[in-house]
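In: have a look; sequence and predicted model below, questions after that.
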Amino acid sequence: QVQLVESGGGLVQAGGSLRLSCAASGRTFSSYAMGWFRQAPGKERAFVAVIEWSAGSTYYSNSVKGRFTISRDNAEKTVYLQMNSLKAEDTAVYYCASKFRFATLITLTTPTSYDYWGQGTQVTVSS
């Protein structure tokens, strides 16, 4: 069993920054990938970024590439999403998710690819 708890959401003006955290517990995560998704009202849950826990390899959606950075702290079992140059269209509930054993990161861009999810944290960007 894996537990994921997101934090760090809030209200920010366009152009600002936020850092989201996802604290993981329940297992050792060396064979895991950790992903971030977001869901805006009336829209489907969309892929944001994913990181391979052991090697630190990353993959991003085109909509956030160059603005968002995913990272992890092995000792703290925490995954981060640094979000810079935020836009109104980034407004959504952000979720982290875990996947045990995978082929390549590029296969982890759909919600059904993941095993466990956090409860989500709201990010609102005012224009």
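Out: In hand now; what should we look at?

In: and stretch 21-35, which residues are buried?
Out: Neighbour counts over stretch 21-35 (16 or more other CB atoms under 10 Å) mark 21, 22, 23, 24, 29, 32, 33, 34, 35 as buried. Where you see a C-beta, it was placed from the backbone N, CA and C, and this is true even at glycine.

In: between these, which is nearest residue 74?
Out: Comparing those against residue 74 with CB to CB places residue 29 closest, at 7.9 Å.

In: what's the closest non-adjacent residue to that closest one?
Out: Residue nearest to residue 29 in three dimensions, not counting chain neighbours: residue 53, with 4.5 Å by CB to CB, 6 or more residues apart in numbering.

In: quick one, phi/psi of the one you found?
Out: Backbone torsions for residue 53, taken as degrees, to the nearest 10, come to phi -60, psi -40.

In: can you tell me how far it sits from residue 31?
Out: 8 Å (CB to CB, to the nearest Å).

In: same question, residue 104
Out: Distance of residue 104 to residue 31, computed by CB to CB: 14 Å.

In: returning to that earlier point: and the buried residues of stretch 21-35, which is closest to residue 67?
Out: Nearest member of the buried residues of stretch 21-35 to residue 67, counting by CB to CB, is residue 35, at 17.1 Å.

In: just list whatever residues bridge to that closest one.
Out: Counting by DSSP bridges, residue 35 is bridged to residue 50, residue 97.

In: was I right to think it contacts residue 50?
Out: Yes: contact criterion CB atoms under 8 Å: residue 35 and residue 50 qualify, at 4.0 Å.

In: residues shared between the contacts of the two?
Out: Contact criterion CB atoms under 8 Å, 6 or more residues apart in numbering; residues shared by residue 35 and residue 50: residue 108.

In: if we can go back for a sec, OK, contacts around the residue nearest to residue 29?
Out: 29, 30, 31, 32, 33, 34, 72, 74.
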